[in-house]
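Q: Got a sequence here, can you build the structure:
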Amino acid sequence: MTTVLAPVEGAAVGLAAVPDPVFSAGMVGPGTAIDPSRGPGEAVAPITGKIMKLHPHAYVIVGDDGRGVLVHLGIDTVQLKGRGFRLLAAEGDRVSAGQPVVAWDPTEIEAGGRSPVCPVVALDALDSAVTALAEGTVRAGDELFQWT
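A: Below is the predicted model of the structure:
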């Protein structure tokens, strides 16, 4: 079983609340989403593992068991081409769960007309494999869901 931690502080709202059908319909995979607290902050690693993909607005960490977790910071944020994000780690780095990966400010994302909601997805997982989804307020590093 893999315990996936909240990468950001905010309110766990579920994937259905993500204003992007690719995430809200679960096409990327099961998981949940966080409506982040507004103001500057850091997005942390949801699991211990290796950063396989790292873009300013999104990252994938793969654990030793081969399970990958995607964190997407806001919706349509790829259009920002890195503006408003600062990398705190590098692709290929090994990180511990809870270690900062990207610094960002959800307020800036929202000010640009984009949703700052952050999907957190268990890649290539069955819907039934993701359980114990957190509800309500979460802090970065809190348990977000279980992947069995």
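
Q: Quickly find the element holding residue 52.
A: Residue 52 belongs to strand 49-55 when elements are defined using DSSP states H and E.

Q: got a list of contacts for that strand?
A: If you take Cβ atoms under 8 Å, 6 or more residues apart in numbering as the criterion, strand 49-55 is touched by 45, 59-64, 68, 78, 82, 87, 89-95, 101. From N, CA and C alone the C-beta is placed, and that goes for glycine too.

Q: can we see that at 7 Å?
A: Outside strand 49-55, the residues within contact range by Cβ atoms under 7 Å, 6 or more residues apart in numbering are 59-64, 68, 87, 89-95, 101.

Q: what ranges do the strands span in the protein?
A: 2-5, 10-12, 31-36, 41-44, 49-55, 58-62, 68-72, 85-87, 94-95, 100-104, 118-122, 130-131, 136-138, 143-147 (DSSP state E).

Q: sorry, back to before: and the contacts of strand 49-55, which two are furthest apart?
A: Within the contacts of strand 49-55, 64 and 87 form the most distant pair, 23.1 Å apart (Cβ to Cβ).

Q: wait, what's in contact with residue 101?
A: The contact partners of residue 101, taken as Cβ under 7 Å, 6+ apart, are 43, 44, 45, 51, 59, 88, 89, 95.

Q: Many thanks, have a good one.
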